[in-house]
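Trainee: Give me the fold of what follows.
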Amino acid sequence: SARVSSGPWLSLSLHNILPYRIHGGKSVPNVKGGDQTKMEEGEFFAIETFGSTGRGYINEDMECSHYSRDPDAGRTNIRLPRARQLLSTIEKNFGTLPFCRRYLDRIGETKYLLALKNLVDVGAVTAHPPLVDVKGSFVAQFEHTVLLRPTCKEVMTEEMIIENEFFSLV
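Mentor: Residues are numbered from 1 along each chain as shown. Next up, the predicted model:
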């Protein structure tokens, strides 16, 4: 097997996690660069590391399949009845947690793409497109969730290695 050189993505940040909010609003850069944001005791953080065989800078590209309800967005500017109905389905089944279109298919939603686009356009739902590097490069993501305690950082996720394959379990 051939070896390929790789390095970290430089343009991403760690982020805090709040109840039912995967991205809690507080970010800490993965690399030094002048930002003085600090992680504080009692906070949960997602420590995300992305490795790439490309340049190490992200681009949002390709067809989007992952979304989440914006917890701060209202319902006042949603004019399409189908979009309002889809938003109710999203709130009932996923709340503010991320979901993919396949999950909408599984709960029986059909012909929802225009309504979903409308929800994204008005800001009620956030699109999370794939993160890519330069064309032809490979990208891998590793993530841990940590709780900052008074005397330590407690890793809330576990790792296991089975036959040379890495898995991260929540």
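Trainee: for this structure, which helix is longest?
Mentor: In the chain, taking DSSP state H as the definition, the longest helix is helix 81-93.
Trainee: what does that helix contact?
Mentor: 67, 69, 75, 78, 99, 103-104, 107, 109, 112, 114-116, 118-119, 122, 124-125 (CB atoms under 8 Å, 6 or more residues apart in numbering). Every C-beta, even on glycine, is put in place using the N, C-alpha and C of the backbone.
Trainee: Those residues in strands, which ones?
Mentor: When DSSP state E is applied, these are split such that Tyr67, Arg69, Phe99, Val125 fall in strands.
Trainee: For burial, what's the neighbour tally of Gly136?
Mentor: Applying the criterion other CB atoms under 10 Å, we find 7 residues in the vicinity of Gly136.
Trainee: For Lys38, which non-adjacent residue is spatially closest?
Mentor: Residue nearest to Lys38 in three dimensions, not counting chain neighbours: Val28, with 7.4 Å by CB to CB, 6 or more residues apart in numbering.
Trainee: same question, Met62
Mentor: Using CB to CB, 6+ apart, the nearest residue to Met62 is Pro130, at 4.8 Å.
Trainee: Could you identify the buried members of the contacts of helix 81-93?
Mentor: Buried subset of the contacts of helix 81-93 (neighbour count, 16 or more other CB atoms under 10 Å): 67, 69, 78, 99, 103-104, 109, 112, 115-116, 118-119, 122, 124-125.
Trainee: any idea how far Asp133 is from His15?
Mentor: To His15, Asp133 is 20 Å away according to CB to CB, to the nearest Å.
Trainee: Also Thr37?
Mentor: 10 Å.
Trainee: beta partners of Leu131?
Mentor: On the basis of DSSP bridges, Leu131 is bridged to Glu60.
Trainee: separation between it and Met62?
Mentor: According to CB to CB, Leu131 stands 10 Å off from Met62.
Trainee: Tell me which stretches of this protein form helices.
Mentor: Along the chain, the segments classed as helices by DSSP H run 81-93, 101-106, 113-121.
Trainee: Please tabulate those in a markdown table, including the columns distance to Thr151 and mean pLDDT.
Mentor: Formatted as a markdown table, the helices of the chain follow (distance: least, CB to CB, whole Å; pLDDT from 0 to 100):
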| stretch | distance to Thr151 | mean pLDDT |
| --- | --- | --- |
| helix 81-93 | 39 | 96 |
| helix 101-106 | 40 | 96 |
| helix 113-121 | 43 | 96 |
